[in-house]
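Q: A structural model of the following input is requested.
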Amino acid sequence: MRIVHVATGLITIPPNGWGAVERLIWEYKQNLEKLDVPVDIRYMNELERWPDTIVHAHLANQALYCLENNIPYVFSLHDHHTEWYGKDSWVFKQNLKAMKGSIISFTHAEYLIDYFSETDKLFYLPHGANTDFFTPEYRPHPHKLLMIANNGLAGDSGFDRKGFRYGIEAAEELDLPITIAGHTDNNKFFEIHSELLKYKKLTLKLTNPTDEETRELYQTHSIFLHPSMLEAGHPNLTLMEATACAVPIVGTYKGSRHMDGMWVIPNISTKEVVRGIVETINTYETRRQEMIAARESRSWFEVCKTLKKYYDNIMKINEGYTSDRTRQLYIDTYNNL
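A: Numbers count the residues shown, from 1 in each chain. Down below sits the predicted model:
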């Protein structure tokens, strides 16, 4: 069995800093090869129908290219715009078509399985973290808050998708320092909402931080804020990295899988973020120890052990399994998560 992951062509693989899909593809390659599964990374125009090979697409246009060229494929949904734009949108229809044409599809946000009720091919596969790289460090008091994000929605730089306003207002109410780091595109948001820059204990590091710089941010701050309205994954990559570094989290989360050390915001507001920070400070060491105990189970290696089971089941189609039997294998794998 050989796996071919389709590169986006937008950012190099491996990325150093930004590029969530590119990071995921690279982690899949690194960890599947530890499980003796050979992985290639190809661009869309290089794809063929190879024997004993599973093509794994990460964008709807890649999946539809495979469909048009009679190349069987697996599809991963990474598009956080899908739910936001609604079921009448071109985005939703393209992703649904990509799923229906796939052997099997994955989402990193479990609730989207119900949202895409028009297909029975969508299964949940969580994100992971590089637990060898993102490691816990002791954090002395006083507390320092951290947000790491690429905020904007396509075409709307002023939309507060990641909840920067709530984080800054909560920090100001509690008189705590807060650092907001991430992509340079976030500068456009703060140009539009310049009133948020008045808080004296706010530090902006919107410089596309490298992996090493990102790790240092986690390791030098005590609480990670994530009051996000819209995500491609629940949990997303930053939540998994914060977990690996044992940084207690205050944020939104729609998954059914328990997130150790996280205080989940029931409704996004400054008041709820403040309440979450206070509760986290009061139970800080307990939450941190929960995260340390759980971190290895959230590694990319563990994710790839599950992904390999899905791939193995797909290959059984070529060993005389009926489509109904193969689908039951998918369901069994999913339920065993």
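
Q: now the strands for the stretch 1-150 of the chain?
A: Taking DSSP state E, counting those that start in this stretch, the strands of the stretch 1-150 of the chain run over residues 2-6, 39-42, 53-57, 73-77, 105-109, 122-124, 145-149.

Q: in CSV, list those strands along with distance to Met229, mean pLDDT and mean neighbour count.
A: All C-beta spots, glycine's among them, are computed from the backbone N, C-alpha and C. As requested, the strands of the stretch 1-150 of the chain are exported to CSV (distance: least, Cβ to Cβ, whole Å; pLDDT from 0 to 100; neighbours: other Cβ atoms under 10 Å):
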stretch, distance to Met229, mean pLDDT, mean neighbour count
strand 2-6, 29, 96, 22
strand 39-42, 32, 96, 16
strand 53-57, 27, 96, 23
strand 73-77, 18, 96, 26
strand 105-109, 13, 92, 24
strand 122-124, 21, 92, 20
strand 145-149, 11, 93, 24
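
Q: let me have those strands in a markdown table, adding distance to Lys305 as columns.
A: A markdown table is the format used below for the strands of the stretch 1-150 of the chain (distance: least, Cβ to Cβ, whole Å):
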| stretch | distance to Lys305 |
| --- | --- |
| strand 2-6 | 14 |
| strand 39-42 | 14 |
| strand 53-57 | 16 |
| strand 73-77 | 17 |
| strand 105-109 | 15 |
| strand 122-124 | 15 |
| strand 145-149 | 27 |
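
Q: so Leu35 sits right up against Cys304, yeah?
A: Yes. Using Cβ atoms under 8 Å, Leu35 makes contact with Cys304 at a distance of 6.3 Å.

Q: who has more neighbours, those two?
A: Legend: neighbour count by other Cβ atoms under 10 Å for Leu35 and Cys304, higher for Cys304 (24 against 12).

Q: now that one: how far from His127?
A: To His127, Cys304 is 12 Å away according to Cβ to Cβ, to the nearest Å.

Q: what of Tyr166?
A: Tyr166 is 23 Å from His127, by Cβ to Cβ.

Q: which residues in this structure form helices?
A: Applying DSSP state H to the chain gives helices spanning 20-34, 60-68, 81-85, 90-100, 112-115, 164-174, 186-192, 211-219, 237-244, 270-282, 284-294, 300-315, 323-335.

Q: least reliable of the ones you listed going by mean pLDDT?
A: Sorting the helices of the chain by mean pLDDT places helix 323-335 lowest, at a mean of 61.

Q: could you give the number of residues near the residue lying closest to Pro227 once chain neighbours are set aside?
A: Among residues not flanking Pro227 along the chain, Gly163 sits closest, at 3.3 Å (Cβ to Cβ, 6 or more residues apart in numbering). For Gly163, the neighbour count with other Cβ under 10 Å is 26.

Q: ok, Gly163 - contacts?
A: Residues in contact with Gly163 (Cβ atoms under 8 Å, 6 or more residues apart in numbering) are Leu225, His226, Pro227, Ser228, Met229, Thr252, Ile268, Val273.

Q: report pLDDT for the nearest residue to Glu302 once chain neighbours are set aside.
A: Nearest residue to Glu302 in three dimensions, chain neighbours excluded: Gly128, at 6.6 Å (Cβ to Cβ, 6+ apart). At Gly128, the pLDDT value in this model is 94.

Q: give me the number of residues near Gly128?
A: Around Gly128 there are 26 residues (other Cβ under 10 Å).

Q: residues contacting it?
A: Glu27, Met240, Arg298, Ser299, Trp300, Phe301, Glu302, Val303, Cys304.

Q: His221 versus the fourth one, what's the distance?
A: The gap separating Ser299 from His221 is 22 Å, by Cβ to Cβ.

Q: mind checking which of those two has more residues around it?
A: His221 (23 against 20).

Q: gap between the closest residue to that one other than its chain neighbours and Ala63?
A: Ranked by Cβ to Cβ, 6+ apart and with sequence neighbours excluded, the top spatial neighbour of His221 is Leu146, at 3.7 Å. For Leu146, the distance to Ala63 (Cβ to Cβ) stands at 35 Å.

Q: ok, Thr207 next?
A: 34 Å.

Q: which of those two has more neighbours?
A: The residue with more neighbours, out of Thr207 and Ala63, is Ala63; 30 against 14, by other Cβ under 10 Å.

Q: before we move on, the earlier item: now the helices of the chain in JSON lines, with distance to Tyr138?
A: Shown next, in JSON lines, are the helices of the chain (distance: least, Cβ to Cβ, whole Å):
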{"stretch": "helix 20-34", "distance to Tyr138": "27"}
{"stretch": "helix 60-68", "distance to Tyr138": "44"}
{"stretch": "helix 81-85", "distance to Tyr138": "39"}
{"stretch": "helix 90-100", "distance to Tyr138": "43"}
{"stretch": "helix 112-115", "distance to Tyr138": "38"}
{"stretch": "helix 164-174", "distance to Tyr138": "22"}
{"stretch": "helix 186-192", "distance to Tyr138": "29"}
{"stretch": "helix 211-219", "distance to Tyr138": "9"}
{"stretch": "helix 237-244", "distance to Tyr138": "15"}
{"stretch": "helix 270-282", "distance to Tyr138": "16"}
{"stretch": "helix 284-294", "distance to Tyr138": "10"}
{"stretch": "helix 300-315", "distance to Tyr138": "25"}
{"stretch": "helix 323-335", "distance to Tyr138": "38"}
